[in-house]
Structure formats: structure tokens, C-alpha cells
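Enquirer: sequence and predicted structure, then a few things I'm wondering about:
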Amino acid sequence: MKPLVLFWHRRDLRTHDNVGLAAAVSSGHPVAGFFCFDRSILDHLPVDDRRIGFIHSELQRVSQEYQAAGGTLLTQYGSPLEMLQSTVKELAESGWSVVAIHTNRDYAPYPVKRDSEVASWCNQEGLTFQTHDDHVILPPEAVLKDDGLPYTVFTPYSRKWHKTLEAAERRPLEEAKVTLKGHTAPLTKKSGHLPSLSDMGFDGQVATPSQWQAFAKRKPDPDVLVKYAERRDTPSVVGTSRMSLHLRFGTVSVRSLAKQGFQKSEKWLTELIWREFYQAILHHFPHSASDAFRAKYDRIPWRHDDAHFSAWCAGKTGYPMVDAGMRELNATGFMHNRVRMVVASFLCKHLLLDWRLGERYFAEKLLDFELASNVGGWQWASGSGCDAAPYFRVFNPESQLKKFDPKGAYVQKWVPEWGTPAYPEPIVEHKMARQRAIDTYKAALAGA
Ligand SMILES: Cc1cc2nc3c(=O)[nH]c(=O)nc-3n(C[C@H](O)[C@H](O)[C@H](O)COP(=O)(O)OP(=O)(O)OC[C@H]3O[C@@H](n4cnc5c(N)ncnc54)[C@H](O)[C@@H]3O)c2cc1C
């Protein structure tokens, strides 16, 4: 039997600058790539989910990269543990003995559980299971307070993040070089070919690049980075990098982006650190995926109002900035960060609807949906998160419009009937809704 190492791709759909793949290659044994479309996730997605189209299209590219180096990307559809088991068995039947599986860590609750099950099976089978940190510059346990506890406030976390990186002489920013050529296995595959989207029950149309137009570029525009601090809050211009989808699926390396942040925009680098902060929060406090980070916020008696929720989803609340944001989301799978804050605050405060409803709606619609940042953003808006906005600070959607879209360019793009009789009246009156939110929060938090 010839020894073989598998590299399991998950949030890292690339063969360059990849810590785990570089480690697999340096093991000295031939390497094959592995990816599993996880049915426990896919079975809950609509047939036209654009993220699956994106993943599928990226896997074709990754597969070609393996092929160009004389290797193979094995792709399966099912439960990752079962698919790894059957792949290892099938490879053994064709003379390859898998000696190790390498993969990059994913810090969210479900992947942590999945990986620990895979690790136990590998242990029983005498296979090495090795995980690596690739998805972030500094993993959750690398940035802790002096007493060893996790940070729950961003500013000191960010300070420690910089201090830790400098103490490591910025080595975590270095490219993890991968040379696949000469290190791959010439597998003769029986199974493991890329399943088609329709094989998995999805609409094939979702795999066209126009579906993720908002994220068309793979490199941040240098001009956007240089002007980031002044333009990041203007939704009518492309003043942010649009890297979130690529960071989510690892189609770009966070190391290459962070280096650009150091060179071109400290403010932008800070956003990448926010991303790592939220990854760390979810990792250390997994309950926050579904419960309020600060438990007393789960005492808020959220309203139940299907009509208001539907109006919010459809972008028909009568508040132009909210409606433009929701329509941008529904049409493109993207929403500008400033507008995400406005629509989220509107749902939790003006409509007094449970933040989890909004979080799940974003999870369905955002191409860049990422549990840690989404939950972090929603709990920030609802006031229940770590380092969140105080509950009594209620965004005024009209003032936000005047400040961040003074000429109405963003609103006009997404709400063409704005200013005509066809545009709906506000579904709630601002003054009343603001006071209702403050009174309700105050009473609930006081334990009344
Ligand atoms: C309610 C709400 C929900 C959100 N849900 C998500 C989500 O599911 N996935 C997601 O990636 N981001 C989420 N964000 C954060 C932010 O809105 C997006 O990352 C950003 O709009 C993506 O656009 P960009 O790539 O042009 O960002 P840029 O402004 O160019 O920022 C660069 C990168 O930094 C990271 N980043 C920026 N802002 C934040 C932030 N506030 N929190 C964490 N990371 C940040 C992202 O990875 C982003 O790609 C959410 C924010 C809010 C308020």
C-alpha cells in the first residue's frame, strides 16, 4: 500500500497560501484534496441558493488546480464523517493507505463538534488528524486577557491582537506557500467526482457569476482601501472592499488582505480584526449563536407581528433607508454595512421583533453569511451582545438617511417609487416606536 495524505477543504477554497494544505504537502507523502457537500447543511437550503452555486463554481477551479499539478480533488455529497470513511476505504481498495487527514480549523459550534467526531474516528483507525489555523490571522485562544479569559470588549481585544502579532514578529501574516506539483497522488478515481448541482437538488442557474456580481473582484481595489475611512459609510458608492464572500469561503487569503490593510488603511484592518473578534466570541461563547450574549436580554417580550415582519423582509416599511437595504439584499445577496445596522436596529427596536428572526433572514439571503459576524452584528443592534450599542440608543432611520445618503442616490436605486403615491406609508410612527422600545427594554432589563 502506498501512503497518502488527504487535505480536507472547507472554508478555504484555494490551493495557494493555505496553511493546512502547505502542512499536508510538507508531510512528504503524496496529497489528494477532499471536499464534502454536507447534507446536514444543504438539506435546509432553498433550491436556488446562490451560495451553493458559488461553492460549486469555485470547486471546479480548485479541482483544475489539483489536476494541473497531476493530482485530484475528491468531492463527495453526504455526511462528512461517513464520506471520509468511505473515501478512505475506497482508496485502500485501490492501493492507497490514507495515513493522515489535514484540515484548517473552523471555530463555530457545529464544525467544532463535527471535527471532534472525525478526530475520534481517526484516532480509532490510527490515522493522524491535524488541524491548522488559516481562516484568521490569530485564532481565538491566541488573543486572551492577561488572566487567560476571553475578551468581550472590542477595543482591548484589538490592542492585544496587535500586541500578539508584533510579539510574533508578524509571522502569522506570512504567506503559507503551497507547491502542489510533484506532491500529488495520481489517483484513478472510481467515485469522488464533482456532483452536479441538480444531482444535489439545486437549480443549475445559481452557478453563474452574475449571481454574485456584488463580489465579482477577488482583490480589493487599492483606491477603495486608501479612501476607505472617508467613504465606508456611503452606501451609494462602492466604498468598501466587497471581500466578505471571499473571506467566508476562503477564496482569498486573509493574510494577503491583512497585509494590504497594514499598508493602505488602518481603519480597514480594524474591520478584519472585528471579524476575528466575532469569531473568537462565538468560539468562546457558543450559546450566543442562539441566546442573548447577556442573558437578561432574553427577558425582552418581543412582539409577534407577521405583517410587520413580512413588510420588513420585502422592503415595504415606508422607511426608505430600511426598504432600500432590504431590497438590495433580496436582489443581490449583499447589503452595505451601514444599512445592515439600520435595518437590524429597525427590526429589533422600531418593530420590537426578536433579533433572531432578522438573523435567520440574513442567514438565508446573504451571500457572505457567516454565523459569527451575523450573530455579532445582530446582537450588537439588539443591544444584547458583547460590546453592544446601549439599548436606549435607537437609530432614527430618517436621520441616518439624511446623514449617509443625503441626495437619496442609494434609496432611488433600490426604491424607484420613493416619493410617489405608490410608496407605502410608514408601518410604525418613529416617536411612538422609539419610546415603546426604550420602555419595553427598560422594564425587561429591570426584571419587571
Ligand atoms: C446585522 C449585521 C449582520 C452582519 N452579517 C454579516 C455576515 O453574515 N457576514 C459577514 O461577513 N459580515 C457580516 N456583517 C458585517 C459587515 O456588514 C460585512 O462584513 C460587510 O458589510 C461586508 O462588506 P465588505 O466586504 O465590503 O466589507 P469591508 O468594509 O470592506 O470590510 C472588510 C472585511 O472586514 C470584515 N468586516 C467588516 N465589517 C465587519 C463587522 N462589522 N463585523 C465583522 N466583520 C466585519 C468582513 O470580513 C469584510 O469583508 C454584518 C453586520 C451587521 C450589522
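Expert: Received it, and whenever you're ready, just let me know what you need. Numbering: from 1, shown residues only.

Enquirer: can we go C-alpha only for contacts and neighbour counts from here?
Expert: Fine.

Enquirer: contacts for the helix or strand where residue 431 lies next, please.
Expert: Taking DSSP states H and E as the criterion, residue 431 maps to helix 430-445. The contact list for helix 430-445 (C-alpha atoms under 8 Å, 6 or more residues apart in numbering) reads 296-297, 299-301, 349-352, 391-392, 394, 396.

Enquirer: may I see the buried residues of it?
Expert: Buried residues in helix 430-445, defined by neighbour count with 16 or more other C-alpha atoms under 10 Å: 430, 433-434, 436-438, 440-441, 444-445.

Enquirer: next secondary structure after the helix or strand where residue 270 lies?
Expert: Taking DSSP H and E as the criterion, residue 270 maps to helix 266-284. On the C-terminal side of helix 266-284, the closest following helix or strand by DSSP H and E is helix 306-314.

Enquirer: and the most centrally placed residue in the chain, how far is that from the ligand?
Expert: Nearest to the geometric centre of the chain sits residue 370, at 2.3 Å (C-alpha atoms, centre = their mean). As for residue 370, its distance to the ligand is 4 Å (criterion: C-alpha to the nearest ligand atom, to the nearest Å).

Enquirer: quick check: that residue vs residue 1, distance?
Expert: Using C-alpha to C-alpha, to the nearest Å, residue 370 is found at 41 Å from residue 1.

Enquirer: and if you look at residue 214?
Expert: Going from residue 214 to residue 1 by C-alpha to C-alpha gives 48 Å.

Enquirer: same thing with residue 140?
Expert: 39 Å.

Enquirer: what's the mean pLDDT across stretch 413-430?
Expert: The pLDDT scores in stretch 413-430 average 98.

Enquirer: how far does that stretch sit from its chain's centre?
Expert: Taking C-alpha atoms, centre = their mean, to the nearest Å, the mean C-alpha location of stretch 413-430 is offset from the chain mean by 31 Å.

Enquirer: and it, what's buried?
Expert: Using 16+ other C-alpha under 10 Å as the test for burial, stretch 413-430 gives 414-415, 418, 423-424, 427, 430.

Enquirer: show me which of these is closest to the ligand.
Expert: Here the nearest of these to the ligand, counting by C-alpha to the nearest ligand atom, is residue 414; it sits at 17.1 Å.

Enquirer: point out the residues in the stretch 101-250 of the chain that sit beside the ligand.
Expert: Proximity of the stretch 101-250 of the chain to the ligand (C-alpha under 6 Å from any ligand atom) is limited to residues 240-244, 247.

Enquirer: as JSON lines, those residues with pLDDT, secondary structure and neighbour count would be great.
Expert: As requested, these are exported to JSON lines (pLDDT from 0 to 100; DSSP: H, G, I helix; E, B strand; the rest coil; neighbours: other C-alpha atoms under 10 Å):
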{"residue": "240", "pLDDT": "98", "secondary structure": "coil", "neighbour count": "22"}
{"residue": "241", "pLDDT": "98", "secondary structure": "coil", "neighbour count": "19"}
{"residue": "242", "pLDDT": "97", "secondary structure": "coil", "neighbour count": "21"}
{"residue": "243", "pLDDT": "98", "secondary structure": "coil", "neighbour count": "20"}
{"residue": "244", "pLDDT": "98", "secondary structure": "helix", "neighbour count": "19"}
{"residue": "247", "pLDDT": "98", "secondary structure": "helix", "neighbour count": "23"}
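
Enquirer: and those, which is closest to residue 306?
Expert: Of all those, residue 306 sits closest to residue 244, with 30.7 Å by C-alpha to C-alpha.

Enquirer: isn't the closest one right up against residue 366?
Expert: No: if you go by C-alpha atoms under 8 Å, residue 244 and residue 366 don't touch, sitting 10.2 Å apart.

Enquirer: mind checking how far residue 47 is from the ligand?
Expert: Per C-alpha to the nearest ligand atom, residue 47 is found 20 Å from the ligand.

Enquirer: show me which of residue 214 and residue 1 is the more surrounded one.
Expert: residue 214 (17 against 11; other C-alpha atoms under 10 Å).
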